[in-house]
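S.K.: Turn this into a model:
(chains A and B)
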Amino acid sequence: MARGRELFRYCATRLALAPVMLWLIASLVFLLLRVAPGDPVDAVLGSRAPEAAKAALRSSLGLDQSLWNQYSNFLSRLVHGDLGNALINNESVRSIISKTLPASLELGITALIISAVLGLTVGFSGIARPEGKFDFAGRFYGIGTYALPPFWAAMLIQLVFAVMLGWLPVGGRFPPSLIPPEGSGFLIFDSVISGNWAALQGSIRHLVLPACTLGLLLSGVFTNALRLNLNRTLKSDYVESARSRGLSETQVVLRHALPNALLPVLTIAGITVASLIGGALLIEVTFSWPGIAMSLYESINQRDYPVVQGIVVAIAALVVMVSVAVDLLVAVLDPRIRY
Amino acid sequence: MAVDLKNRCVTDRRRSRLQASVLIGLALAFSQSACKPKRQSERLTVASAGRISSLDPALASTTGVLQVLSALGDTLYIRGTNGKLQPQLAASKPQLSDDGLSLTIPLRRDVLFHDGTRFDAEAMAFSLNRFLRIGSQRYLLSDRIAAIETPNTFEIRLRLKHPSSSFESLLTSPYLTPVSPKAYADHADRFLNDRFVGTGPYTLNSFRNTQQRLLPFRNYWGTPPNNVGLDLINLSNSTALFGALISGEVDVLLSNSIDEDQKRALSERADKNLLRESKGPATNITFVTLRTNRPPLQSQTVRRALAHSIDRRLISARVSYSQREPLRSLIPPGLRGGKTEPWPTYNLNTARKLFQQAGYCSGRRLQLPFTFRTNVPSDRLMALTWQAQLKRDLPDCVQMTLNGVESTTVYEQLSKGAFEAVILDWGGSYPDPEAYISPLLSCKLSEGNICEKGEAVDGGTFWAAPGLQTALRRSDSLQGKARLKELATVDAMAAEGAPYIPVWFVAPKAWAQLRLNPPIFNGNGLVNLAQLGERR
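M.R.: Below you'll find the model as predicted:
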């Protein structure tokens, strides 16, 4: 009962701190964008537009106001859930996020599943014989995939599997010859719901390369985490005690060591979500995946302040939510944790 | 016996390796045939670079958007492959009043918008007024147009603020394509990003930032398209575009955004008759901008010495495998109306003499900081090559140091005089010499040879010359040969003053699969998408 109260207090504190964190991040992004060189007006009008035309546009976009005025306007809109409109085409930032976020989530979730399955399988495979061939290969795999530069790996995979072998599409999210099914924006889900099997096949074909690349690059984290935790757990007292009770090694590993070794991996999975977004940027750009990271990249290039601010706030909110959810899950699964 | 066993083991191992190799080979061969993307429609897939954030002509500026708009809409006039002005929605050539201040354009009577409404003078006036109100490049029109009149249903009259011979070219720009007043009634003063209702050979069937589907417009007034429709896809990087064409995933590739080595690889494939390649008129020029209001480049002699010192052929060969052609004018060759190339050719002796005249080479070297845009790969290569070339040719006269700066910072700092020498490029908003020389050379207020206000300041040269602005204005008011002569004078004055050193020009290219007709470019540097189709 006391633990439940502690847990509740912990959750409430985390959730109460979330808006503060979001405010800090939003303010930082607001400031950094204004400090960074470059002018969104140049992106709209071109660098050689007459100064008078630039001044008129700057005024209509409110960019001629004082920094404080711009900041207070931004914050007051943010509090009301209004992320503003893109400077480039006046589209609402909320609409841009709602169009691109499902694509990124679809890619991210698939990549996370691939990375977890691949990473944990490789990490687990070497455990039968520590310092053996499999263990060494697993260690090499863990370090290798983690150290691989994402853009290079992505381009190489794209070149081999899409260009040379022609197995899968080079880029994009959906076959150009089909109309994407309407709905949630998660194309695989929407295709299944609408019973559009051609669309489903097309969506999966386009998802395979970017998701496998991202999954491969992140799987090393899981491999290393599981290897280290499993090695440590196998040397712990309770595992020795299980062995002394005459349990087989398989039972010892699967029933006693593995569940305990997986708990820290769960926390790492939560942290991986943040890296997933960073990694997704390069993957989305390489595979022309129309996700939120790609939108962020383009908006930064165009100095489209409202879009950059809106996307960063949305991503930050997502990371906070996932991290709170993972903390709660770990707390529920591990009775030893105290807050 | 032991030996036999060992031999058998070795033989078995070899056999299993052979079997595995055969299996892998078969699997690869199968994958090559079975897993290649199957053609699911008769429509053509056309790939280009960059996403399309809006299809509103009032916002259009990138080549990708202009390309789509050119298929969805028509303009009053179009520049043909030969560069000549041809009526499109206009019924004939514009009638210019004697004072050059009024342009009367008769319109076609058989044109319908995609929503079934009639195209007439009111619709054209609506579209022009809409562009003047909300167009991102409205200054191009507002600087010239005093009033838009509709004397009758199929005639539009444009009153100009001053005579402008380049105005006709401006009317070929896809951002002046008319839109249906009915469809845009609620968007007369705001952008309509994801729909387009114009008069072109295609209607917009579906729109996403990265994919658009265009279907032939059944009631099109002109020649119907050669294909049953187009699926346009927008990929974000050069490797993806290159790979999509090579793997057969796309039928046509329209892009200048692909890397030079990949461009060369595609050209080589075209030479081997594996692809079709087409080249459009040059639309983009690259030049070195020199800051002329402060020493050492305040000296015209030093600037001219630098202009003589640049080996364009070598630089183009190293940077682009000679695909970018050397340029010695501020006007792209297709628009020049002649073969005038007033900037000097590479001449080391003259360069050395001029440097010596300016007091360099005899124990004194010109320290030249040269800035390039870090996000433009060809800029970096150009800077490195020129630096190495100067070190080889004139080591005792010039020492060049390189600074890499991101392009947005460069544009922001140009007018503040932050860069002594910087490499930049420029593509005119419409196919006319005016769209190149005016933004680069205009000056509103000057003292001597220094411009204090105007485009020359915004462009970072701060250069002015007596009589240049008069010649600029005159060149836009004259017609025909007299105009060409005046343009040549302006170009020659700029070459003499050398605030810029033109380096190369870039002509757009397009590639198509072998079974298709080769793409055809119009005078605006855009591919005629309706002409694409199976080769007969």
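
S.K.: doesn't residue B:446 fall inside a strand?
M.R.: Yes. Under DSSP: H, G, I helix; E, B strand; the rest coil, residue B:446 falls within a strand.

S.K.: so what's residue 71 closest to, chain neighbours aside?
M.R.: In the absence of a named chain, chain A is used. Excluding the flanking residues, the one nearest residue A:71 by Cβ to Cβ, 6 or more residues apart in numbering or on different chains is residue A:30, at 5.9 Å. C-betas here are computed from N, CA, C, even on glycine.

S.K.: my question was about chain B
M.R.: Excluding the flanking residues, the one nearest residue B:71 by Cβ to Cβ, 6+ apart is residue B:529, at 4.3 Å.

S.K.: check contacts around residue B:260.
M.R.: B:319-321, B:323, B:377-378 (Cβ atoms under 8 Å, 6 or more residues apart in numbering or on different chains).

S.K.: For residue B:234, see how far away it is.
M.R.: Noted for residue B:260: a distance of 21 Å to residue B:234, by Cβ to Cβ, to the nearest Å.

S.K.: in what helix or strand does whatever residue of chain B ends up closest to chain A lie?
M.R.: Sorted by distance to chain A under Cβ to the nearest Cβ, the residues of chain B start with residue B:408, at 3.0 Å. Per DSSP states H and E, residue B:408 falls inside helix B:407-414.

S.K.: Buried residues, that helix. List them.
M.R.: Residues of helix B:407-414 classed as buried by neighbour count (16 or more other Cβ atoms under 10 Å in any protein chain shown): B:407-414.

S.K.: So is the helix or strand following it next to chain A?
M.R.: Once the chain leaves helix B:407-414, the next helix or strand it forms, by DSSP H and E, is strand B:421-427. Yes. Using Cβ under 8 Å from any Cβ of the partner chain, strand B:421-427 reaches chain A at residue B:426.

S.K.: Kindly format the C-alpha coordinates of strand B:421-427 as CSV.
M.R.: This file holds the C-alpha atoms of strand B:421-427, laid out as CSV (Å, rounded to 0.1, in the frame of the first residue of the first chain):
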residue,chain,number,x,y,z
ALA,B,421,35.2,37.3,-52.3
VAL,B,422,32.4,34.7,-52.2
ILE,B,423,31.0,32.1,-54.7
LEU,B,424,27.3,32.4,-55.3
ASP,B,425,24.8,31.3,-57.9
TRP,B,426,21.7,32.8,-59.4
GLY,B,427,18.7,31.6,-61.5
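
S.K.: Just give me how far the next helix or strand after that strand sits from the chain centre.
M.R.: For strand B:421-427, the following helix or strand on the C-terminal side (DSSP H and E) is helix B:434-441. Centroid separation for helix B:434-441 versus its chain: 15 Å, with Cα atoms, centre = their mean, to the nearest Å.

S.K.: what's around residue B:484, how many residues?
M.R.: Using other Cβ atoms under 10 Å in any protein chain shown, residue B:484 has 17 neighbouring residues.

S.K.: avg pLDDT for whatever helix or strand it lives in?
M.R.: Taking DSSP H and E as the criterion, residue B:484 maps to helix B:480-497. Helix B:480-497 carries an average pLDDT of 92.

S.K.: Can you list the buried residues in that helix?
M.R.: Applying 16+ other Cβ under 10 Å to helix B:480-497 flags B:483-484, B:486-491, B:493-495, B:497 as buried.

S.K.: How far off centre is whatever helix or strand comes next after that helix?
M.R.: Next helix or strand after helix B:480-497 toward the C-terminus (DSSP H and E): strand B:500-506. How far strand B:500-506 lies from its chain's middle: 14 Å, per Cα atoms, centre = their mean.
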